[in-house]
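Engineer: just the structure for this:
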Amino acid sequence: MCALQAAVPVAAAEPATAQVRSVAAVDLGRYTGTWFEIASYPMFFQRKCVGDTTAEYSALPDGGIRVHNRCRSDAGFISATGKATVVEGSGNARLKVSFFWPFRADYWVIGLDPDYRWAVVGNPGRDYLWVLSRTPQLPPELLDAALTSARAQGFGLEALRFTTHTNAP
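Structural biologist: Below you'll find the model as predicted:
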């Protein structure tokens, strides 16, 4: 268990029967750039990742968003590049992401710091959860706010795996 994880209290979870909600709006100009994974649910496609996980988002000429995920494995760095499209009427807070056609997955921003210092991403079925930050580590009060936003929507935090960043201070 991460020492930071043990020190962070979280709010009570919403019943898992309540619908997951995305934030009202995301300014894609502010959202693009590099995000560091602070924690996530263990995912099959990240099974070889042992740390230093990042996601970089950039605007594409067709209005889509380039998604470049990278992590450190035991054998070096591995990466995957995909494309996200905004779900119409979602205020840019709900995306469909594809790393290989024809498969697409829901990517909903369900928590977002007003200053875009952290974001929480999940999906309607609560199968995916990522806590992201603009920096390799989040101060405890910001981590608490991010985790509280996930827990308030019925995401259990017990399964979260905290990510190590080797160049973090």
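
Engineer: let me see the contact set for the residue sitting nearest the centre point of the chain.
Structural biologist: The centroid of the chain falls nearest to W130 when counting by CA atoms, centre = their mean (3.2 Å). Neighbouring residues of W130 by CB atoms under 8 Å, 6 or more residues apart in numbering: 37, 39-41, 120-122. From N, CA and C alone the C-beta is placed, and that goes for glycine too.

Engineer: same check, this time on L142
Structural biologist: Each residue near L142 by CB under 8 Å, 6+ apart is listed here: 113, 117-118, 133.

Engineer: ok, now with 6 Å
Structural biologist: If you count contacts by CB atoms under 6 Å, 6 or more residues apart in numbering, L142 has them with 117-118.

Engineer: tell me the SS of it?
Structural biologist: Applying DSSP: H, G, I helix; E, B strand; the rest coil to L142 yields a three-state assignment of helix.

Engineer: what do you get for L138?
Structural biologist: Of the three states, L138 takes coil under three-state DSSP.

Engineer: from T163, how far off is it?
Structural biologist: Applying CB to CB, to the nearest Å, the value for L138 to T163 is 11 Å.

Engineer: equivalent analysis for W118, please.
Structural biologist: W118 is 13 Å from T163, where distance means CB to CB.

Engineer: out of these two, which sits in the more crowded spot?
Structural biologist: Under the criterion of other CB atoms under 10 Å, the comparison of W118 against T163 puts T163 first, with 27 against 24.

Engineer: bridged to the residue nearest to the more buried one when sequence neighbours are not counted, which residues?
Structural biologist: Spatial nearest neighbour of T163, chain neighbours left out: E37 (4.6 Å); criterion: CB to CB, 6 or more residues apart in numbering. Listed by DSSP bridges, the beta-bridge partners for E37 are L132.
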